[in-house]
Structure formats: structure tokens, C-alpha cells
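> build me a model:
(one chain, ligands or ions: 1)
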Amino acid sequence: MTFKELGLSDALLKAVEELGYVTPSPIQEKAIPRVLEGKDVLASAQTGTGKTAGFAMPMIQLLTKEPPRSKRVIRALVLTPTRELAAQVLADIETYSKHIDLRSMVIFGGVKQSSQVNKLRNGIDILVATPGRLMDLQNQGFISLRDVEFLVLDEADRMLDMGFLRDIKKIMGMMPAKRQNLLFSATFSREIRTLANGILTNPVTVEATPENTTAELVDQFIYRCDAKRKTELITKLIWDGNWHQVLVFTRTKHGANRLTEKLNKAKITAAAIHGNKSQNARTKALSEFKDKKVSVLVATDIAARGLDIPLLPYVINFELPNVPEDYVHRIGRTGRAGASGQAISLVSADEEEYVRGIEKVLGMRLEGTVIEGFEPTKGPVEGGKKREQGRGGNNNRGGGGQNRNSGNRNGGGGNSRNFRRKPNNNSGGGSSD
Ligand code: AMP
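Numbering: from 1, shown residues only. Next up, the predicted model:
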């Protein structure tokens, strides 16, 4: 299947070509033709599957059916749970529509509203927004959603987790009843189905990956150790492995700050990203990480949601999440867009029940190992076998038969989980050994 066969216009095909996308991802193959037909769509897809293009490309195409109006009005609204995802979605929309006369913008809280208001006054076609700031600006009379023809709820499951249900319902009441609706969600819980029933009309359902499965190219394993020695262990892993581009998850914002401080003290450049940080601090941390000025980004679940960090080689769970689905989201940050990755969890005795919960959701056992010198003093070392950490970060995963060196971000070679992109010399940054 090619992008052309999906029915996309020449202007979009040109943008796709320039991006180096070769084939559509499964979610794009399934969603794009249905959206172009004008159908409401309920899509199961998590970040990393190419879902943004799955809704943005056909949306852009449908909006260009009509010539631009003299005074632009908001004709498409994309709602996202977090600021980072909103910014990322806007960036993608702008890239896909670069040869098309459409104006888009993003609004979210945590920054001054004046520049957003000025831009809104000039008239825009596509608005990407988080619910809070959208409601706020609507209440002040700066936004009208009366002309919205196209609505996307992106990462709807996370919006519900974050308590946005009431806001979403209110926002629905601000739009015309007749419109095309798309709902994207990583998981299909009962709550999501109820929300979908209230918003979508005769939707077609499309799925990119079976619910709650993890990326095939992600190597997942567990290092068991005492809780109080986790900082020491993570420092050793990153130092010995000479790892860069490591995303670390903690359960709390406070924990993220503490770990960041300790890593920096150990001369590992790290930055924290969580909800207590100002928008500017979050944007700065993310861009420094992307620019490789910072090796480690320490994040909480909510802040990390929707982050698009290409070819991220390592995700470390400093603490396991108590919600198993969050584990799936976390490790979805690696092994993306055809690259392989490692997801490592540091597990103390008090987290064993979380391991069971995650294994149940994954439908597989997670391989457990113990690093020499870090043997847990408490609890059973179930299924664990001693493992000496290879020098120079040569992570030889027992039984996996795969040898990955620290600098090699593309251990999977040309293997692709979902789709392929033309080799891009700039994409990985680091050299492969
Ligand atoms: P998403 O799931 O929308 O966050 O997309 C994940 C990443 O995959 C982004 O960096 C996209 O630019 C990239 N991407 C999306 N579609 C394709 C495609 N068909 N081929 C290659 N890369 C893609």
C-alpha cells in the first residue's frame, strides 16, 4: 500500500515525500481512507504508531475541499490531554500542510494568553488545544467553536485519566451537532466506549495494535535490587553503559526532582519534566534532551505522555507504575518508528505485585536479573539470575541472543515494527558502531 493509494492529494503526497515516509503505518492504512469518506472513527493506537498523520492528513485534505474563507473560522478542533502532545500535534499538522493554505495554531495553559489571543484574532482554520485553556478563552469570548466541522479527541484515555470528562462534555456543547468526529485512544476501557457512544455517530473502529500489547522490538527486563540502592544502580548502568538519550520514569514529581539532582551530582546531565515545572522549563528540558545537551530526562507519567522523541534507545522505570497500562505507555517511548529499544525496570521487593499486574496485561513474563553487587537483601529473588554487567555497556540480554552496544540505536537494522522511513542521516544523531 502506498500513500497515493490511500487517496491523498498531491500537496499532501509532496509533504510525505519530503519527510521520507515510504509506506503508511497500519493505523494510517486503516484510518485515512475511512476519514476521507467522511466517517466517524474510533481508533485504537498509541503514540509511536503514526496516529497523528492518521488523523491529520485526511483532516487537512477534507478542509481543503472548500476554498479558504475571507475571514477564517475554526473548522477543525484537535483536543489533547497535555501541552507537550498539543505542541507536537501542531508541529505535525504544520509539516503535513506546508504546501496547503491552511492556518493552524495551538493553545494551552501555563503560558500567557495574550499572544494566543492575538493569533486567534487573525483567524485560523485548525485549532489544537488542551481542554482547560480552551474553556478559559471560550469563556472570555476569544474563541468560537460554532463553525467546527471536524473534531479529534487525541489520547482520549489519558484525558479521562486526567479528569477532563466534564470539560470535554462542555466543549461538545459549544460545537454544532453535525460534524465529523474521530476518537483516538491507546486503550478501550468501558469509560472510553461510553464517551465514544456519546460523541461518535455510527463510527468505524480501527485498531493499529492489539490492545495493551507492547512493541515487539522493545527488549524488556527487570533488575531486582533494594529500593535504597536504586540511585546507585541507575548511575552505574548509565555510566558503565555510556548511555545517552535515556528517559527515566519516577512515580512522583518530587522523586523526579530528587533523582535529577543526584544524577547531576554524579556528573550525568539530567533534567526533570513534570507538571510542577513551568511550561518554559518543560519545553527547555525537552529541547535540551532532543539536542543531546542533556543525557537523561526524568519524567512522571503525565508529563511524558505524548512526547515525541525519535529513536529513543532507553527507557528506565526507576519505579514501576501502579497502573499496568502506564507501563505500556512508558515503554512505548522506545522502539519507535522502526527502531529497537530497551526498557529496563528497577524493581524493589515492595513492587513485586506491580510486576505481576504488568505481566498479566502483557500476557508474558518479564525477564528478571540481578546485577552483581546489587543483590536484594529483602524478599524473594524470583526467577532472577545473577548477571555481571558487561563493560562498556555491552548489554547482552540472557536468552535474547541479541547483542546491543551502547552507541547503537538501531540494533534492529532495517526491521520495522509498524512502518519504514527512508534512512535519514540526521535522525539518530549518534553513530552506530
Ligand atoms: P505518532 O504516533 O503520530 O506520534 O508518530 C510517531 C513518529 O513516527 C513521528 O515521529 C512521525 O513523524 C513518524 N511517522 C509517522 N508516520 C510515518 C510513516 N508512515 N513512516 C515513517 N515515519 C512515520
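
> show me the domain layout of the protein.
4-207, 218-407 (automatic domain parsing).

> can I get those in CSV with mean neighbour count and mean pLDDT?
C-beta here means a position set from N, CA and C on the backbone, and glycine is covered the same way. Below are the domains of the chain laid out as CSV (neighbours: other CB atoms under 10 Å; pLDDT from 0 to 100):
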stretch, mean neighbour count, mean pLDDT
domain 4-207, 19, 93
domain 218-407, 19, 80
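
> any chance of those in a markdown table, with distance to the ligand too?
Converted to a markdown table, the domains of the chain look like this (distance: least, CB to the nearest ligand atom, whole Å):
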| stretch | distance to the ligand |
| --- | --- |
| domain 4-207 | 3 |
| domain 218-407 | 4 |
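
> how close does Ile107 sit to Pro203?
27 Å (CB to CB, to the nearest Å).

> in the stretch 251-400 of the chain, which spans are helices?
With DSSP state H, counting those that start in this stretch as the definition, the stretch 251-400 of the chain shows helices at residue ranges 253-265, 279-290, 301-304, 324-331, 352-362.

> mind giving me the packing neighbours of the second one?
Meaning helix 279-290. Applying 3 or more CB pairs under 8 Å, 6 or more residues apart in numbering; DSSP states H and E, one finds that helix 279-290 makes contact with helix 83-96, strand 270-273, strand 296-299.

> quick one: strands adjacent to the second one?
Paired strands of strand 270-273, with direction, are strand 296-299 (parallel) (DSSP bridges).

> coming back round to it: closest to Ala91 out of the helices of the stretch 251-400 of the chain?
Among the helices of the stretch 251-400 of the chain, helix 279-290 comes nearest to Ala91, with 11.9 Å by CB to CB.

> between helix 253-265 and that closest one, find me the angle.
Interaxial angle, helix 279-290 versus helix 253-265 (axes from the mean of the first three to the mean of the last three CA atoms, to 10 degrees): 50 degrees.

> excluding its own residues, what touches helix 279-290? List them.
Applying CB atoms under 8 Å, 6 or more residues apart in numbering, the external contacts of helix 279-290 come out as 83-84, 87, 108-111, 245, 271-273, 277, 294, 296-297, 303, 307, 309.

> which residues sit in contact with Phe164?
Per CB under 8 Å, 6+ apart, neighbours of Phe164: Pro81, Pro131.

> what are the phi and psi angles of it?
phi -90, psi 10 (degrees, to the nearest 10).

> same check on the one 5 residues further on?
Lys169 adopts backbone torsions of phi -60, psi -40, taken as degrees, to the nearest 10.

> excluding covalently adjacent residues, which one is nearest to it?
Gly198 (7.9 Å; CB to CB, 6 or more residues apart in numbering).

> now Leu79
Looking at Leu79 with CB to CB, 6+ apart, the closest residue is Leu153, at 5.3 Å.

> equivalent analysis for Thr334, please.
Nearest to Thr334 is Gly341, by CB to CB, 6+ apart, at 2.8 Å.

> what's across from that neighbour in the sheet?
Applying DSSP bridges, one finds that Gly341 bridges with Val218.

> so how far is the first residue of stretch 334-349 from its last?
26 Å (CA to CA, to the nearest Å).

> for stretch 359-366, that is, sorry about that
7 Å.

> with stretch 20-33 instead?
21 Å.

> adjust the sequence numbering to begin at 585 for everything that follows.
Happy to do that; since the first residue is 585 now, the last one works out to stretch 604-617.

> hang on, the earlier thing: and the helices of the stretch 835-984 of the chain: which comes nearest Arg653?
So among the helices of the stretch 835-984 of the chain, helix 863-874 is nearest, using CB to CB, at 31.7 Å.

> gap between whichever strand or helix holds Leu817 and the chain center?
Element membership of Leu817 [criterion: DSSP states H and E] is helix 814-825. Relative to the chain's own centre, helix 814-825 is displaced by 25 Å; criterion: CA atoms, centre = their mean, to the nearest Å.

> and if you look at stretch 764-776?
16 Å.

> please save the CA atoms from it in CSV.
Taking C-alpha atoms only, stretch 764-776 is exported to CSV below (Å, rounded to 0.1, in the frame of the first residue of the first chain):
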residue,chain,number,x,y,z
GLN,A,764,-17.2,14.6,11.7
ASN,A,765,-15.6,13.1,14.9
LEU,A,766,-12.5,11.0,15.5
LEU,A,767,-11.5,9.5,18.8
PHE,A,768,-8.0,8.1,19.3
SER,A,769,-7.2,6.1,22.4
ALA,A,770,-4.4,3.7,23.4
THR,A,771,-6.8,1.6,25.4
PHE,A,772,-10.5,0.9,25.0
SER,A,773,-11.9,0.8,28.5
ARG,A,774,-15.6,0.9,29.3
GLU,A,775,-15.3,4.6,30.1
ILE,A,776,-13.8,5.3,26.6
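
> coming back round to it: got the angle for the helix holding Leu817 vs helix 837-849?
Using the same axes, to 10 degrees: helix 814-825 against helix 837-849 is 40 degrees.

> check which element follows helix 814-825 along the chain.
strand 830-833.

> in its sheet, what does that following strand sit against?
Per DSSP bridges, strand 830-833 is paired in its sheet with strand 880-883 (parallel), strand 898-901 (parallel).

> in contact with Thr918, which residues?
Ala799, Val802, Leu831, Leu896, Pro897, Tyr898, Val899, Gly925, Gln926, Ala927.

> before we move on, the earlier item: for the residue nearest to Leu663, what are its contacts?
Leu737 neighbours (CB under 8 Å, 6+ apart): Leu663, Met743, Ile752, Asn765, Leu766, Leu767, Phe768, Ser769, Leu779, Ile783.

> you'd agree the fourth one is in a strand?
Yes - in this structure, Asn765 lies within a strand as judged by DSSP: H, G, I helix; E, B strand; the rest coil.

> so whatever residue of the stretch 735-884 of the chain ends up closest to the ligand versus Met641, what's the distance?
Closest to the ligand within the stretch 735-884 of the chain is Ala792: 8.8 Å, counting by CB to the nearest ligand atom. Per CB to CB, Ala792 is found 15 Å from Met641.
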